[in-house]
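# I would like the atomic coordinates for the input below:
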Amino acid sequence: MLECLRDMNLPEYVMDILAKSKGVVIPKTREDLLTLAMGNSENTEFYIEYEVEGKGKVLEATATKCKNGVVVNYTDDYMRRRDPDCLLIADNKPTDKPRYEEVYQSDFETLRTETFDWLKKQELIFFPFKSGGLEYGYDSILIAPLNAGFFAAGLADLQGFLNIDEITSDFNPRAVVFLAPPFRHTHFDGKQIVVHNRLDEIHEVYSYNLYPGPSAKKGIYGVLLNIGEEEGWVTAHASTVKVITPYDNEIVIMHEGASGGGKSEMIEDIHKEMDGRAILGRNTVTGEKNYLVLSETCDLIPVTDDMALCHPKMQNDSKKLVVKDAESAWFLRLDNIKCYGSSPQYEKILIQPEEPLIFLNMQAVPGATCLVWEHTLDQNGKPCPNPRVVLPRRLVPKAIDTPVEVDVRSFGVRTPACTKENPTYGILGIFHILPPALAWLWRLVAPRGFNNPSIIDSLEMTSEGVGSYWPFATGKMVTQANLLLDQILKSTNTRYVLIPNQHIGAYEVSFMPQWVAREYIARRGSAKFKPEHLVEARCPLLGFGLDSLKIDGQYIRRAFLRPETQQEVGIQGYDDGAKILTDFFKQELMKYYTDDLNPLGKQIIDMFLAGATVKEYLEIIPMRY
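Model (predicted):
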C-alpha cells in the first residue's frame, strides 16, 4: 500500500508514521470515505471512542446512518461549537498569537513526538487534498485515526479531495493535518486545541479534537492566510453572490464579517411568512411589526459561502477585486431553520440530496431522514445553536466556479437592541455607504457582535480582528492590516457598504437588512449613489446613511434608515451608543498602530482618533459613488 506514496515527496517523518502504523487506509472515492465514517458498510450506528490514559475508553461522538447522510453528534456540548481561543503557534516565526511554549511552559517538540508515537499505534486514514481548491490550491495531506472517518469525509468535502491514483510526481505538500483526539483529555484539560507549526517547507496543523470547525475548515484557512502572508495576498472571510434582478441587471456582492455576521444568509432567499410578506422588523418595546411585500425578488447565483480566494493570478485590470471560492464545500449553520418551510431552497437540497451528506449536531434515527430543523438538544434542554452540514458545492444549483469581479463589498455586524434606557452599539441603519478608508477600519476591528451562535462567547461585543479572519491567522496583525489596505487601494472600482443584522435600534430585524440592501443595490445596478441622497451618519464611523429608500414601489420607514429617529432611541440613546462603538474602535485600533503599519494606515487611524468627519475620510481615499 505504501509503495504508491513514494512519488509524493512526503517528508521522511511522515513516511515513518505511515510505515510503522498498524495499517493505512487510503480512500479513493467519496463513497469510501462515507463508509469509513460509519466504520463499515453495514453499520447504522457507530461509536467514535478512544482509550484515554487514566479515563479508560472515552466516547467522543456517535455517527448515525440516515437516508440523507451520516449524522454526527458529540457527547460533550463544548465540542459542538468552535472555541475561538483554540489556536496555538508552535514555531518561532513572527506571530501575535499565543505560543504553545509560553502557554504550557514546555517545548512543543516533546508533544510532537508523542503525537507521532500515538499515530504509529493506530490504524490510519491517509489521503491527499488541495488547500484552497483544485485550481489555485496547495498540495496537502491528512493523517487521522481510522475510526475518525467522518472527520476525514468532512475535510475531503470541504477541501479539494484528490484520488491518490491521479497524483503526479510534481505533488509537493505545503500542509499536513495530524488528527489526535485523545490528547484533548491527556494534555489540554478537555479543550479544543489546534496547534500550527509553520516549518520552512510544510505547514503542520495538529488537531487535538474531533470538531472539524477549528482544523479541517479554519485550520486550513490558517494555512492559506500564512501562504498569503508569504506571497502578498489574502483569503477573505466572505460569502459572494451574483444577484440578477427581475430586469436582468447583474451585480456581484461580497459580504464579509465575523462569525454570525450573515455570510451564509447573504446567499439565501428572503425569509417570508406563509402569506408571502416579509417581516422587516418587530419593535421590541411595543411588539409592533413592519412588513415588506416584494412581488418579485432577485435570482441569486452563489459564488462563495465563507472563504473567498483573492489570489494574485486571478486579478485583472478592472480595478475591482476578483475572487473565487477557496472551498469545495460549505460548512452551513442551520440554526435559522427552525421548522418546515423556513428555508425551502436548502431544505430541498439537504433532505433529499443527490449524494449523502455529513451533518453535525442534528437529531438522528438510523435509516430515517435527518430533518434539518430538528437540532440536537444541549444539556440545558435547548437546541444546539450550531447545527451544521457539509454541503459540496457541486450540489448547490447554479453555483459559479470561475472567478468573479466584486462590485460591492459589504460588511455585516450582529447588533443588539438599542434604546435610550439601555443604549448599545445597535445604532446602525438598514445599510450605510462607507468611504474606503472607513471600510478598512471596519475590517481591522471586525466586531464579533451580539449573541453569536457559531462559537463559545460572551454576549458582549468583542473584536474578531483583521478582516474578521484573524481568529484563524497565524502571523502578525499589522501584516494583515497592510495587505487589506493594499487590496482596497488596488480595487478603486469596488464600493463598500456596512449592514447590521439582528437589530436596528429598538427593532428586531434578523437578517432582513442585508436581504433588503441586496435587493435595493442590485436594482440600482451601476447607478451612482447621488450625494444629495446620502446623509452623513450622526456617528462618523458609519459613513453615509440614506435619506430615503424605495424598493419595489414601497418606501422603507425612516426609523430603519436612521435609528435616532425612533422614539425608543432618540438622539441621546443614539449618541450613547455611538460613544460605546467609538470607544471600542479606539481600544482595538491601537493594536495596529506600530512602526510596521503602512504610513497611509497610520494617517487614517490618526484621523479617526482626532474625530475626523466622513468628508475627511473621502479626501484621503476617494470613494466611487
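
# neighbours of Ile125, how many?
By other CB atoms under 10 Å, 26 other residues sit near Ile125. Where C-beta positions appear, they are placed from N, C-alpha and C, glycine not excepted.

# name the element it belongs to?
Using DSSP states H and E, Ile125 falls within strand 123-131.

# repeat for Val323
strand 322-325.

# also Phe560?
Per DSSP H and E: helix 558-561 holds Phe560.

# Met79 - that's part of a helix, no?
Yes. Under DSSP: H, G, I helix; E, B strand; the rest coil, Met79 sits within a helix.

# would you mind measuring from the spatially closest residue to it that is not a sequence neighbour to Thr582?
Of all residues not flanking Met79 in the chain, Tyr211 sits nearest, at 5.2 Å (CB to CB, 6 or more residues apart in numbering). Using CB to CB, to the nearest Å, one gets 36 Å for the distance from Tyr211 to Thr582.

# and what of Leu600?
Leu600 is 21 Å from Thr582, by CB to CB.

# how about Lys191?
35 Å.

# try Tyr593
On the measure of CB to CB, Tyr593 and Thr582 end up 16 Å apart.

# try Arg557
26 Å.

# which SSE is Gly33 in?
Actually, residue 33 is Leu. It isn't Gly. helix 30-37.

# where do the strands sit along the stretch 101-250 of the chain?
123-131, 138-145, 160-161, 175-179, 194-198, 203-207, 235-244, 250-257 (DSSP state E, counting those that start in this stretch).

# will you turn those strands into a markdown table that also has mean pLDDT and distance to Gly553?
Putting these into a markdown table (pLDDT from 0 to 100; distance: least, CB to CB, whole Å) gives the following:
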| stretch | mean pLDDT | distance to Gly553 |
| --- | --- | --- |
| strand 123-131 | 97 | 48 |
| strand 138-145 | 97 | 50 |
| strand 160-161 | 91 | 46 |
| strand 175-179 | 98 | 52 |
| strand 194-198 | 98 | 51 |
| strand 203-207 | 98 | 52 |
| strand 235-244 | 96 | 19 |
| strand 250-257 | 96 | 20 |
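
# Pro356 is nearest to which of the ones you listed?
Between Pro356 and these, the tightest spacing by CB to CB is seen for strand 160-161, at 14.9 Å.

# neighbouring strands for the closest one, and are they parallel or not?
strand 123-131 (antiparallel) (DSSP bridges).

# got the buried residues for the partner strand?
Within strand 123-131, the residues scored as buried using 16 or more other CB atoms under 10 Å are Leu124, Ile125, Phe126, Phe127, Pro128, Phe129, Lys130, Ser131.

# now tabulate those in CSV and tack on distance to Asn226.
Below are those laid out as CSV (distance: CB to CB, whole Å):
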residue, distance to Asn226
Leu124, 25
Ile125, 25
Phe126, 23
Phe127, 22
Pro128, 19
Phe129, 17
Lys130, 16
Ser131, 10
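
# tell me, what residue is most central in the chain?
Centroid-nearest residue in the chain: Asp306, 4.4 Å away (criterion: CA atoms, centre = their mean).

# for it, what are its contacts?
Lys217, His237, Ala238, Ser239, Lys263, Ser264, Glu327, Trp330, Phe331 (CB atoms under 8 Å, 6 or more residues apart in numbering).

# do that again at 6 Å, thanks
Residues near Asp306 by CB atoms under 6 Å, 6 or more residues apart in numbering: Lys263.

# what's the answer for the one 4 residues further on, then?
Taking CB under 6 Å, 6+ apart as the contact definition, Cys310 lies against Trp233, Val234, Ala236, Val323.

# contact partners of the helix or strand where Tyr574 lies?
Tyr574 is part of helix 570-589, with elements assigned from DSSP H and E. Residues outside helix 570-589 that contact it (CB under 6 Å, 6+ apart) are Cys418, Thr419, Lys420, Pro423, Thr424, Tyr425, Ile427, Val445, Ser463, Cys539, Glu564, Ile605.

# take those residues and keep only those in helices.
Val445, Ile605 (DSSP state H).

# from the contacts of helix 570-589, which is closest to Val72?
Closest to Val72, out of all of the contacts of helix 570-589 and judged by CB to CB, is Ser463, at 31.4 Å.

# tally of neighbours for the residue nearest to the closest one when sequence neighbours are not counted?
Nearest non-adjacent residue to Ser463, counting by CB to CB, 6+ apart: Glu588, 4.7 Å away. Residues lying near Glu588 (other CB under 10 Å) number 18.

# from Thr186, how far off is Thr115?
11 Å.

# now Gly121: closest residue in space that isn't a chain neighbour?
Just so we're on the same page, residue 121 is Lys rather than Gly. Closest to Lys121 by CB to CB, 6+ apart is Lys22, at 6.8 Å.

# just checking, the one you found touches Glu123?
Yes. In this structure, Lys22 is within contact of Glu123 by CB atoms under 6 Å, at 4.8 Å.

# low-confidence ranges in this protein?
Applying pLDDT under 70 to the chain flags the ranges 1, 450-460.

# is the nearest residue to Lys263 once chain neighbours are set aside bridged to anything, and to what?
Of all residues beyond its chain neighbours, the one nearest Lys263 is Ser239 (3.9 Å), with distances taken as CB to CB, 6+ apart. Beta bridges link Ser239 to His255, judged by DSSP bridges.

# picking up where we left off before, can you lay out the contacts of helix 570-589 as JSON lines showing neighbour count and distance to Ile488?
Below are these laid out as JSON lines (neighbours: other CB atoms under 10 Å; distance: CB to CB, whole Å):
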{"residue": "Cys418", "neighbour count": "29", "distance to Ile488": "29"}
{"residue": "Thr419", "neighbour count": "19", "distance to Ile488": "35"}
{"residue": "Lys420", "neighbour count": "19", "distance to Ile488": "36"}
{"residue": "Pro423", "neighbour count": "20", "distance to Ile488": "31"}
{"residue": "Thr424", "neighbour count": "20", "distance to Ile488": "28"}
{"residue": "Tyr425", "neighbour count": "27", "distance to Ile488": "23"}
{"residue": "Ile427", "neighbour count": "29", "distance to Ile488": "25"}
{"residue": "Val445", "neighbour count": "25", "distance to Ile488": "15"}
{"residue": "Ser463", "neighbour count": "21", "distance to Ile488": "19"}
{"residue": "Cys539", "neighbour count": "21", "distance to Ile488": "21"}
{"residue": "Glu564", "neighbour count": "23", "distance to Ile488": "29"}
{"residue": "Ile605", "neighbour count": "21", "distance to Ile488": "14"}
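
# more neighbours: which of Tyr211 and Thr582?
Counted by other CB under 10 Å, Tyr211 and Thr582 do not tie: Tyr211 has more neighbours, with 31 against 16.

# phi, psi of the more buried one?
phi -80, psi 120 (degrees, to the nearest 10).

# just the buried residues of stretch 388-407, please?
Here stretch 388-407 shows 388-393, 395-396, 399-400, 403-407 as buried, counting by 16+ other CB under 10 Å.

# just the ones of these in strands?
Here DSSP state E is the test, and the buried residues of stretch 388-407 give Arg388, Val389, Val390, Leu391, Pro392, Val404, Glu405 as lying in strands.

# just checking, Leu158 touches Ala329?
Yes. Using CB under 6 Å as the test, Leu158 is close enough to Ala329 to be in contact (4.9 Å).

# coming back round to it: shouldn't the residue nearest to Lys263 be in contact with Met307?
No. With contact defined as CB under 6 Å, Ser239 does not count as touching Met307 (9.2 Å).

# what sits in contact with each of those two?
Contact with both Ser239 and Met307 is made by no residue, according to CB under 6 Å, 6+ apart.

# show me what the helix holding Phe560 is packed against.
In terms of contacts (3 or more CB pairs under 6 Å, 6 or more residues apart in numbering; DSSP states H and E), helix 558-561 is not packed against any helix or strand.

# which one's more surrounded, Thr115 and Thr186?
Comparing Thr115 with Thr186 by other CB under 10 Å, the one with more neighbours is Thr115, at 22 against 16.
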